[in-house]
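Q: need the 3D shape of this:
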Amino acid sequence: MADIAFLLLIFFLVTTTMDIDKGIISTLPPISDEPPPDTQANKRNVLNILVNKRDELLVKGEPLLVDDLRELIKKHVNNNGRDPNFSDSPNDAIVSLKNDRGTTYDMYVQVLNEIRGGYNELREDLAMSKFGIGFNDLTKEQKKEVTKEYPLKLSEAEPEEFSAES
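A: Numbers count the residues shown, from 1 in each chain. Just a heads-up that it's a prediction; the model follows:
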């Protein structure tokens, strides 16, 4: 009886699979021994996004719905200096995301998806106009070329406590 129990235990240990937790895939910058350059980004190049503990979105000091964020990201990144309230060029555009400590994970993921979705749509449009195929169908070199035109510069600041009115 003990042998059968032992064999069953081994069988279940070998055949059981464990679910792996999934998270948000993000590429971090490489570690550098040198301190970062002391440069100030032009204010028009930075799109400040704040999310408070009630999951309310504040972009450039104005309330905004999450559904409208993607179009605003595209407008900011692809401005090319036309509107003085948005970036000088796609290479200069920076998106700064700051969350309150009470922000829900769901809201954080929604905002992050809209930011990345805006960049993905810009890259898709460029790939279609330049190569005639979608971004996912491009070769590795072509993807690098398109990504170089629209680099994702996302700054995520440390969460802090701030009021819903801020």
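Q: shouldn't Leu97 be within a helix?
A: No - read with DSSP: H, G, I helix; E, B strand; the rest coil, Leu97 is strand and lies in no helix.
Q: surely it is in contact with Leu112?
A: Yes - between Leu97 and Leu112 there is a contact at 7.3 Å, judged by CB atoms under 8 Å. Placement of C-beta: from N, CA and C, glycine included.
Q: and for Val77, the neighbour number?
A: Val77 has 27 neighbours, counted by other CB atoms under 10 Å.
Q: how about it, nearest residue that isn't a chain neighbour?
A: Setting aside the residues directly before and after it, Val77 is nearest to Ala93 in space (CB to CB, 6 or more residues apart in numbering), at 4.4 Å.
Q: hmm, that neighbour is touching Lys75, no?
A: No - the pair Ala93 / Lys75 is not scored as a contact, 10.2 Å apart, by CB under 8 Å.
Q: who's more crowded, those two?
A: Legend: neighbour count by other CB under 10 Å for Ala93 and Lys75, higher for Ala93 (25 against 16).
Q: quick one: list the elements packing against the helix or strand of the chain with the lowest mean pLDDT.
A: Lowest on mean pLDDT, DSSP states H and E among the helices and strands of the chain sits strand 154-156, with a mean of 87. Strand 154-156 sits against strand 94-99, with contacts defined as 3 or more CB pairs under 8 Å, 6 or more residues apart in numbering; DSSP states H and E.
Q: what's the following helix or strand after the strand it packs on?
A: As assigned by DSSP states H and E, the chain's next helix or strand after strand 94-99 is helix 105-131.
Q: distance of the residue in the chain sticking out farthest from the centre from Leu8?
A: Note on the chain: the largest C-alpha distance from the chain mean falls to Met1, namely 56.4 Å (CA atoms, centre = their mean). Distance of Met1 to Leu8, given as CB to CB, to the nearest Å: 11 Å.
Q: likewise Thr147?
A: Separation of Thr147 from Leu8 (CB to CB): 52 Å.
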